[in-house]
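> Quick one: sequence and predicted model below, then my questions.
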Amino acid sequence: MAKYLVGDVIKHWRKQTGLTQEELAFGIMDVGNLSRIENGKAMPTKLHLDALFTKLGINPNSLTTIFMTDKMAELQKITDSLDYYLSNKKVDETNRIIAQLENDSSFMDDKLNVQYILAAKAANMINMKESPKTILAILSQALHKPRTEIVEDKLETYFLTKTDFLILEMMAMLYFELGEHGRAITILFGLKKNIEENCVDKIERGQRYPLIIYNLTRCLGLANRHEEVIKLCVEGKAVCLETGYLKLLPDIAINEACARYALGDVDACTRLVIDVSHFYRLCERYMDNKIFNEYVKEQFGITMQ
């Protein structure tokens, strides 16, 4: 199969469709980054590549494989399977894929791949409800694998990859589970600030920010810091709407509803509950809506129609 420089292909189709760099980059990445990609000075992530192709009217799945070797394409399929099994809590399948990748010396020669495997192991252990302290030890090893040191209260100063974010999010929630609430909240606030200062890309911001806000407001709510929860939830909902990543929008709204209820603002809580129920029905998430209705009846005494 022929292989091409991804920048040349993007540039060719952009010109063929009559788009300027500014028009193609809008909503996806900084125009300077697109220019570097087209000039062969940078490589886009798969996420960015898919977004660029989609905007150009090209099916991403039809072209992605021409930019990688057959071995790379095979490994991409395997890691995609691993991500799928992890997200669906398929413990045995996850362990099988991890073992398969660990036996591939070319894959494990890359420190970032080793970090990814360690993070996957930790996530699977969380799914199996194993000891938080044991999982934290693996996550700490994963976090420091590509670098010599990282300071938890200075997270905004680092360039953090997607895997770094996932590792730190897991660590924060495990610390909270172990009663180290202050440490957990410090990490989550650090991740929030890192996104605000370093993540100008709309797609990455949409993926990362809502999850940080959800976990942070959950922890702050359990620590009875309800005013902060409300402020952060408003910010989080705005980012969900701005970026179009709506998956966590109802979850963030539920955290806000809990905070408003705790502060005695039952009317505002009720309005949020109704909005969430409408959202679930609009998205045809009927089972989520049923579970949610049972939850709000138990928590707030609100019976949905």
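Great, that's in hand.

> what's the single longest helix in this structure?
helix 202-222 (DSSP state H).

> Next, the angle from the helix or strand that that one is followed by to helix 202-222.
Next along the chain after helix 202-222, taking DSSP states H and E as the criterion, comes helix 226-243. Put simply, helix 226-243 runs at 160 degrees to helix 202-222, going by axes from the mean of the first three to the mean of the last three Cα atoms, to 10 degrees.

> Name the residues of whichever helix or strand comes after helix 226-243 that are buried.
Downstream of helix 226-243, the first helix or strand assigned by DSSP H and E is helix 249-262. Residues 249-261 are the ones in helix 249-262 that count as buried (16 or more other Cβ atoms under 10 Å). Any C-beta I mention is one placed from the backbone N, CA and C, and that applies to glycine too.

> Could I get the average pLDDT for helix 249-262?
Helix 249-262 shows a mean pLDDT of 96.

> swap in stretch 15-22?
Stretch 15-22 comes out at a mean pLDDT of 87.

> cool, and stretch 96-113?
93.

> tell me which residues in that stretch are buried?
97-98, 101, 107, 113.

> Next: stretch 285-293.
Quick answer for stretch 285-293 (16+ other Cβ under 10 Å): 288-289, 292-293.

> now the stretch 1-150 of the chain, which segments are flagged as low pLDDT?
1-5, 60-70, 148 (pLDDT under 70).

> quick one: the strands in it?
Counting by DSSP state E, counting those that start in this stretch, the stretch 1-150 of the chain has no strands at all.

> For it, which segments count as helices?
For the stretch 1-150 of the chain, helices defined by DSSP state H, counting those that start in this stretch occupy the ranges 6-17, 21-25, 31-38, 46-55, 60-63, 70-87, 91-102, 105-108, 111-127, 132-144.

> what's the last one in contact with?
Here helix 132-144 makes contact (Cβ atoms under 8 Å, 6 or more residues apart in numbering) with 115, 118-119, 121-122, 125-126, 150, 163-164, 167-168, 170-171, 174-175, 177-178.

> Can you give the distance from that helix to the centre of its chain?
Centroid displacement of helix 132-144 relative to its chain, using Cα atoms, centre = their mean, to the nearest Å, is 19 Å.
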